[in-house]
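# What follows is a predicted protein model with its sequence.
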Amino acid sequence: MLDVAIAYNRYRFLGNEFLTWLWYTLENHSSQLAEIDADLSVLEIGNRMVLENRRNEGLETITIKGDDAGLEEGLLSLKKGALVTEMNLLYRSGDNTWQFNLKGESLNISSFKTPETAGTETKEDIEGAVLEKIFLYEKVIRFVEGAFRHFVGLRISENWDKKIIIQMRQWINKIS
Amino acid sequence: MGLLSQSVSITRYRVQGQLEEPVLDTIALALKRHAVLDIDNDAAEKSCGWTSFENPFVPDFEGSNHLFGSYLVFSLRVDKKSIPSKILKKHFTIEETKRLTASGRRFFSQNEKKLVKEEVLHRLSLRIPATPHIYDLIWNYEGGKLWFFSNLKAANEELETLFSESFNLSLIRMFPYTAAEMDADLSDSDRDRLNQISPVSLTGQT
């Protein structure tokens, strides 16, 4: 295994490609995500997306924020060579919704909100509350791990160059 | 940021290695040995150690539970004293003036000023209470997984150092490369391919 610090920088692109693939997949092949995670009803883009374009020796950052923000600017950035570096996602399962930010370079999860849980009034309630929260956190963490594992399998397969990347380019180029 | 908060941040880790049996006793002992030390009446500027999740301000672990179901739940506490620069400047100037008057001199050398500053800092550190920063963690010992409830670089670095000192186990942060390497069930040839991939261009240009 590579040195951790070297590996972090060398492979940060892999996380950004993962988020970009995730966006492409949820827009075009959402049933694939349900195959990765049987509990998932719908995965949606939430209220924030950050893209970075590191080509041409410069760094351009595009941030899209807001509950009803359109993602046209994001698609346009992809067309110019950007990748998604951070994304707010809504994970829906049954009647419940989880919301979280996922960062490409670290796969860190932030602003993570689970469905509402009962409050704790006594010390005895705490153990139940902790176990309930663990169960709820695990749903999303399992999804992220499963989706990333699936992506890595695709990324190192022959299909990546022969098929997937071509389809992703076609999706991006549909934008007028 | 507490694990029961409305909104949390999580950094994921893999834990490698085995603890001495009985595992729970080994963990309890390590937590007590590396419990955070109170520095409110001490000149130390920083203290870092474990504390209990249920009672983070009484870090003796007596009577507090750190086993929830099959998960270990406890917290990292980092106490820091930060002396505002203006307070330091005020006390330094007062002390310097007092000593100059007493010695009949007009100024001090750089080294003498440094010594005065250190003495003032020491005295202020005894008077200023430390600010506690508490970060919860959940450790699934059987599964070799740990979730740390902060994405802050400094807090994660403190965790990695203290965890290694306390339990003598490797804590590996999950980021794209480590997640691919350790989590994706790769064969040797898959690993070779992973080590050779380079960024892709979505525009079709290289």
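Perfect, I can see it now. Being a predicted model, the structure only gives us computed values, none of them experimental. Residues are numbered from 1 along each chain as shown, chains lettered A, B, ... in the order given.
# list the buried ones in the helix or strand containing residue A:124?
Under the criterion DSSP states H and E, the helix or strand holding residue A:124 is helix A:123-155. Judged by neighbour count (16 or more other Cβ atoms under 10 Å in any protein chain shown), helix A:123-155 contains these buried residues: A:126-127, A:129-130, A:133-134, A:136-137, A:139-141, A:143-155. C-beta coordinates here come from the backbone N, C-alpha and C atoms, glycine included.
# Once you drop chain neighbours, what's closest to residue B:174?
Once flanking residues are discounted, residue B:174 sits nearest to residue B:12: 4.2 Å by Cβ to Cβ, 6 or more residues apart in numbering or on different chains.
# Please confirm that that neighbour is located within a strand.
Yes - if the criterion is DSSP: H, G, I helix; E, B strand; the rest coil, then residue B:12 is within a strand.
# Burial check on it, number of neighbours?
22 (other Cβ atoms under 10 Å in any protein chain shown).
# is it in a bridge, and if so with what?
Following DSSP bridges, residue B:12 is listed with bridge partners residue B:147.
# Make sure it is actually in contact with residue B:147.
Yes - contact criterion Cβ atoms under 8 Å: residue B:12 and residue B:147 qualify, at 5.9 Å.
# Next, show the common contact partners of those two.
residue A:141 (Cβ atoms under 8 Å, 6 or more residues apart in numbering or on different chains).
# Tell me which residue lies nearest the centroid of chain A.
Centroid check for chain A by Cα atoms, centre = their mean gives residue A:19 as the closest residue, at 4.6 Å.
# What about chain B: which of the buried residues of helix A:123-155 touch it?
Filtering the buried residues of helix A:123-155 for proximity to chain B (criterion: Cβ under 8 Å from any Cβ of the partner chain) leaves A:126-127, A:129-130, A:133-134, A:137, A:141, A:145, A:148-149, A:152-153, A:155.
# a markdown table for those residues, including distance to residue A:168?
A markdown table is the format used below for these (distance: Cβ to Cβ, whole Å):
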| residue | distance to residue A:168 |
| --- | --- |
| A:126 | 46 |
| A:127 | 46 |
| A:129 | 42 |
| A:130 | 41 |
| A:133 | 36 |
| A:134 | 35 |
| A:137 | 30 |
| A:141 | 26 |
| A:145 | 22 |
| A:148 | 17 |
| A:149 | 19 |
| A:152 | 16 |
| A:153 | 16 |
| A:155 | 12 |
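# which one among those residues gets closest to residue A:119?
Within the set of those, residue A:129 lies nearest residue A:119; the separation is 7.8 Å, counting by Cβ to Cβ.
# My guess is that closest one contacts residue B:2. True?
No - the pair residue A:129 and residue B:2 does not pass the contact test of Cβ under 8 Å, sitting 11.0 Å apart.
# what helix or strand is the one residue sitting closest to the centre of chain B on?
The central residue of chain B, meaning the one whose C-alpha is nearest the mean C-alpha position (Cα atoms, centre = their mean), is residue B:158 at 2.8 Å. Following DSSP H and E, one finds residue B:158 within helix B:153-167.
# and that helix, what's its mean pLDDT?
In this model, helix B:153-167 has a mean pLDDT of 96.
# just checking, next helix/strand downstream of it?
In the C-terminal direction, the helix or strand that comes right after helix B:153-167 (DSSP H and E) is strand B:170-173.
# any residues touching that next one, and which ones?
Strand B:170-173 is touched from outside by A:4, B:11-17, B:146, B:156, B:159-160, B:163-164, B:178, B:182, with contacts defined as Cβ under 8 Å, 6+ apart.
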